[in-house]
Every structure is written in C-alpha cells, then in structure tokens.
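Enquirer: sequence isn't available, so here's the structure alone:
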C-alpha cells in the first residue's frame, strides 16, 4: 500500500540497481506489470552492459479526449529533462509501448548518489502521468470545454475534473465493499471537511463532502453517480498550480483513492487491536477465578486419602455413637460365634423323627 505513494516504481528501481551494481555483465530481459495497468520492459545485453533499454506503456487517463498512440512532445521533454546526459528517447518506440528510453549507466557514478539517480529515473511513470494530466487541463482551457472530464487512473476508481473560470473542481465518487469501511470513511470525510475549512488550513484546497452528487456532475451516467459513501470535492485555485506545487497537486489527485483506502485500513486495524486489548482486560478476572478454582481442586486431590477422617469430623455425635455400636456388633459376630446345641437337638427330636434300625442283621432260615 505504501508503494502507491512513492513516485518511483519499487520493482523498476530494484532491477536497475541490480544491473548497476553487478560486478559482471548480466543478460536481463524483464517484463514488469504494476498497478494502473503500467507495463515496463527492461533489456540489457551482456555484450554492452552500460546500455539499458527501458520501454513503458501506460493507459490514457481520459477516454473523452483523443491522443495519438505516442506521447505528446511536452511529455517527452519532461522525461528527457530528468537526466539529459543519461536518458535518451528512442524513436520509434518498441511495438506495443508508448515510450522507449536508452539509459547510459556508464555516466552514473558508483557511490551513494547513484541510488538517488536511479530512483529519479524509476519515477518516469509519475512524470508521464502528471504531465498527461497537465496536458488534459491545457487542452480543456484552449478548447473552452467546461463540462466534466472523466479520468481513470486505476480501474473502478474514476474521478472528474471541471475547469471553471477561477478554479478547477475535482470530484471523487467514493465506493467501498464493506459496511465497516463506509462508516470509517464517512467519519474521515466529515473530519477532513471540518479541518480543511478551518483557519489553520486556509492555504489548502477547499474540501467538501456530500452524500449526493454535486450539481457539476449533472448529466453523467448513473453508474458513475451510484456510490455508498458520497462524493468528495476539492477546489484547486491558481496558487496550487504554481511551480513545484503543480506536480505535488497533480500527484495527490492521482493518489487520493489510495490514501483514503490506506487510512481506512489502518484505522480498522487500530480499532480491532484496541478491541482485543479491551477484551483481554475484561476476561482477566474470569481467568483469575478459574485459576483459583484449579488450585482448590489440586488441594482436594492431595487430601483425598483423609476422606474417612473428614467424614468423622463432619458427622454429629449421635451418628458417631450409632456407627460405633454397629462396628462393635460386627466384631462380636466375627470373633465370638456362640452355638446353642440344646435348641438344635430339641428341634431335631421333635420334628425330624426317623425309624430306628438295629445294627446286627439277623436271617431266618426257611424250611
């Protein structure tokens, strides 16, 4: 996300630094695609390591104004003005690209300043897009067109420019996928409007947020005017277009969507982090109670062998006496069993009478 705010392309800078710092000649043929449908093609031959070819393709910001496939002359002059001794424009450019540059690395010294030089060369994308927006504003003024111009820097993120007599109005339709982001962004826009219109920020462009489309966008398509987070409007005056302020103003307009998304994402992460911390504080007393309960259970387990003693201590006096009597009776039955023989003999004689037989058997002889 932070790479979107940098004028230099991080991927292109890394490739150019690799070529410049290589101890031996390297053969490189890289294709790099970045946000905004920007396409880079970097070529370097081992036979000529000091000569690097860089081809760039970037989409046009506006479809309403017609430009040729090649970049205008003023944009080429801006690109060549970055480092005239190092950068050379090749005509015609490579097929499928709008601009091809020849970089002479032999004129870049191998010291700390080389990193700054290559970083400036990697910002050619920002120079092209900023110059492109300036060209649009110039054509609008010359042609006397005061109707809204739709600009598309990234897909699904269009914004409008309306050239007026005293100022230039930039309108951004804001859309978000999730309801939480809509709430955070709405609060941010309201605060931005209050702070931007205060006395401390009187030099900054005037900012207006409205949940409905501004009157300048009457007649535009319904798709462009259907939003879930309203419209943000900036009034850019002549003092914001003077000297170096012009490049900064144009670059801020191109990256306003990215800045808002970064703010919403950071705020959402901060709120979630604070909610987790608050939740941990609320749960801490419950965790302390659980730990105390665990300690009590441990003590009960250690005292499990003395369970009978606890029962005797907790029992009443009458229960203790009864238990003693039962215990003594059990002991008597086990150790002192008394057999009453007289009763058993009487029972047998009375109820169990059997016939008597003589022990000597006699036989009678039959005649």
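Expert: Nice, I can see it. Quick caveat, the model's predicted, so the values are computed rather than measured.

Enquirer: where along the stretch 1-150 of the chain do the helices fall?
Expert: Assigned by DSSP state H, counting those that start in this stretch, the stretch 1-150 of the chain shows helices spanning 10-21, 73-80, 112-122, 124-143.

Enquirer: show me the contact partners of the second one.
Expert: In this case it means helix 73-80. With contact meaning CB atoms under 8 Å, 6 or more residues apart in numbering, helix 73-80 is reached by 71, 87-89, 99, 101, 124, 127-128, 131-132, 134-135. Heads up, the C-betas are built off the backbone N, CA and C, glycines and all.

Enquirer: return the closest of those with respect to residue 291.
Expert: residue 124 (62.6 Å; CB to CB).

Enquirer: returning to that earlier point: just the buried members of the contacts of helix 73-80?
Expert: 71, 87, 99, 101, 124, 127-128, 131-132, 134-135 (16 or more other CB atoms under 10 Å).

Enquirer: redo these as TSV? Include distance to residue 264.
Expert: Shown next, in TSV, are those (distance: CB to CB, whole Å):
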residue	distance to residue 264
71	34
87	38
99	34
101	37
124	30
127	29
128	29
131	30
132	28
134	30
135	32
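
Enquirer: just name the closest of those to residue 183, please.
Expert: Of these, the one sitting nearest to residue 183 (CB to CB) turns out to be residue 132, at 35.0 Å.

Enquirer: does the closest one touch residue 61 like I think?
Expert: Yes - counting by CB atoms under 8 Å, residue 132 touches residue 61, with 5.6 Å between them.

Enquirer: quick check: residue 178 vs residue 328, distance?
Expert: Per CB to CB, to the nearest Å, residue 178 is found 81 Å from residue 328.

Enquirer: and residue 259, how many neighbours?
Expert: If you count neighbours by other CB atoms under 10 Å, residue 259 ends up with 13.

Enquirer: sorry, that was for residue 213
Expert: 18.

Enquirer: tell me the SS of it?
Expert: Three-state assignment for residue 213 (DSSP: H, G, I helix; E, B strand; the rest coil): coil.

Enquirer: hmm, residue 225 and it touching each other?
Expert: Yes - between residue 213 and residue 225 there is a contact under CB under 8 Å: 4.9 Å.

Enquirer: give me the mean pLDDT for the helix or strand harbouring residue 298.
Expert: According to DSSP states H and E, residue 298 maps onto helix 256-302. Averaged over helix 256-302, pLDDT sits at 82.

Enquirer: strands of this structure, residue ranges please.
Expert: Applying DSSP state E to the chain gives strands spanning 28-34, 38-44, 51-57, 87-89, 99-104, 149-154, 157-163, 168-173, 206-210, 231-236.

Enquirer: other SSEs contacting the fourth one?
Expert: Using 3 or more CB pairs under 8 Å, 6 or more residues apart in numbering; DSSP states H and E as the contact test, the elements touching strand 87-89 are helix 73-80, strand 99-104.

Enquirer: out of the ones you listed, the one nearest residue 56 is which?
Expert: Of all those, strand 99-104 comes closest under CB to CB, at 4.7 Å.

Enquirer: neighbouring strands of that closest one in the sheet, and parallel or not?
Expert: strand 51-57 (antiparallel), strand 87-89 (antiparallel) (DSSP bridges).

Enquirer: sorry, back to before: now the strands of the chain as TSV including distance to residue 253?
Expert: Putting the strands of the chain into TSV (distance: least, CB to CB, whole Å) gives the following:
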stretch	distance to residue 253
strand 28-34	19
strand 38-44	17
strand 51-57	21
strand 87-89	26
strand 99-104	22
strand 149-154	9
strand 157-163	7
strand 168-173	6
strand 206-210	13
strand 231-236	8
